[in-house]
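*Asks:* Mind looking at a prediction? Sequence and model below.
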Amino acid sequence: MEKLFVRLDFLEFPPTHTCEGEDSSPRISIGSLTSASLAIMAVNPFIPSCCSFSPWLAWNIPPVEVIPSGFPKEAVIDRPVRAVQGMNDLGRIGYSGPCPPRGSTHRYTFKVWGLDRMLDLHPGARKGDLVGAMRGHVVQYGETTALCTR
């Protein structure tokens, strides 16, 4: 599997991308891209009730070097790029920004998969459905992490 280079514009979340700001998905830069499509899963491993809480799932993103910020909270979007979004672990479609308890710091990892094709997966699908649909189609992978303190 080839490596994707994945980068956010920050190491610590600015309010724009959190529950205390605009709750807007961040811009993600991608390098060494050779895939036919991209899938993203944001993961917060610090939620005590589970091992990996996912506040964002998106797939069928065209192979772009920059995934723009500000995805609408809709299952199928055409702007700022085409994408399909799933039901996150808060029970919402689209991105839900970090919102750790006051006085704590949580780490959020953005996992990005390069796939050999677009996925045949219905809008609003859940994390397990996305993982299953990607099986056998992952050709690249990369991730990046940022912190959120409240």
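*Replies:* Good, I have the coordinates. Numbering: from 1, shown residues only.
*Asks:* what ranges do the helices span in this protein?
*Replies:* With DSSP state H, the ranges of helices along the chain come out as 127-134.
*Asks:* check contacts around the residue with the largest distance to the centre of the chain.
*Replies:* Distance to the chain centre peaks in the chain at residue 103, reaching 24.9 Å (criterion: C-alpha atoms, centre = their mean). Contact analysis of residue 103 by C-beta atoms under 8 Å, 6 or more residues apart in numbering lists residue 150. Yep, even glycine has a C-beta here, placed from its N, CA and C like the rest.
*Asks:* cool, residue 106 as well?
*Replies:* With C-beta under 8 Å, 6+ apart, residue 106 has these contacts: 44, 46, 98, 100, 147, 148.
*Asks:* do that again at 7 Å, thanks
*Replies:* Counting by C-beta atoms under 7 Å, 6 or more residues apart in numbering, residue 106 touches 44, 46, 98, 100, 148.
*Asks:* so the last one touches residue 19, yeah?
*Replies:* No: with contact defined as C-beta atoms under 7 Å, residue 148 does not count as touching residue 19 (9.2 Å).
*Asks:* out of those two, which sits in the busier spot?
*Replies:* More crowded of residue 148 and residue 19, by other C-beta atoms under 10 Å: residue 148, with 23 against 15.
*Asks:* partner residues bridging that one?
*Replies:* In this structure, residue 148 bridges to residue 106 when assessed by DSSP bridges.
*Asks:* Pull up the gap between it and residue 60, please.
*Replies:* Using C-beta to C-beta, to the nearest Å, we find residue 148 at a distance of 27 Å from residue 60.
*Asks:* Pretty sure residue 145 sits against residue 98.
*Replies:* No: counting by C-beta under 7 Å, residue 145 stays clear of residue 98, with 11.7 Å between them.
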